[in-house]
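Visitor: what would the 3D arrangement of this be:
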Amino acid sequence: QVQLVESGGGLVQPGGSLRLSCVASGFTFSTSTMSWWRQAPGKERELVAAVTAASGSTNYADSVKGRFAISRDDVKNTVYLQMNSLKPEDTGVYYCRGRRRRGLHYEYDYWGQGTQVTVSS
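Guide: Residues are numbered from 1 along each chain as shown. Model (predicted):
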């Protein structure tokens, strides 16, 4: 059974920090590209950050560069998102995603249930 379980969300003041975690099971984490997405009320879901398997290359949305950092622990099957200098516009539900590409298609594509992040004074 595939599971992606996010945790670490909550209410934080502007300028504060949060660390999200996503524990994966039921698929081969170490060979999967892992990413964090977010969805604000009334907006489409958007990519926040991603980290590839093997090389561990990362990429970020322009809006979070320099403030957020994605990392992975292939022993713990966990991907993290360290969020610093949070802004009200970072508010939303944050989702963890795991997938693996095979050729032109994805062999699998899994989502977590999401964790709420609210940045407000």
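Visitor: rest of the way, CA atoms for contacts and neighbours
Guide: Fine.
Visitor: now tell me which helix or strand of this protein has the poorest mean pLDDT.
Guide: strand 105-111 (a mean of 93; mean pLDDT, DSSP states H and E).
Visitor: not counting sequence-adjacent ones, nearest residue to the residue nearest the centre of the chain?
Guide: Nearest to the mean C-alpha position of the chain, counting by CA atoms, centre = their mean, stands Trp36 at 2.0 Å. Spatial nearest neighbour of Trp36, chain neighbours left out: Cys96 (4.8 Å); criterion: CA to CA, 6 or more residues apart in numbering.
Visitor: re the thing from before, and after the least confident helix or strand of the chain, which helix or strand comes next?
Guide: Next along the chain after strand 105-111, taking DSSP states H and E as the criterion, comes strand 115-119.
Visitor: for that next one, packing partners?
Guide: Using 3 or more CA pairs under 8 Å, 6 or more residues apart in numbering; DSSP states H and E, the elements in contact with strand 115-119 are strand 10-12, strand 92-102.
Visitor: columns mean neighbour count and mean pLDDT on top of those, output as TSV?
Guide: Converted to TSV, those look like this (neighbours: other CA atoms under 10 Å; pLDDT from 0 to 100):
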stretch	mean neighbour count	mean pLDDT
strand 10-12	15	97
strand 92-102	21	96
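Visitor: hmm, back to that, wait, the residue nearest to the centre of the chain sits on Arg97?
Guide: Yes: here Trp36 reaches Arg97: they are 6.2 Å apart, a contact under CA atoms under 8 Å.
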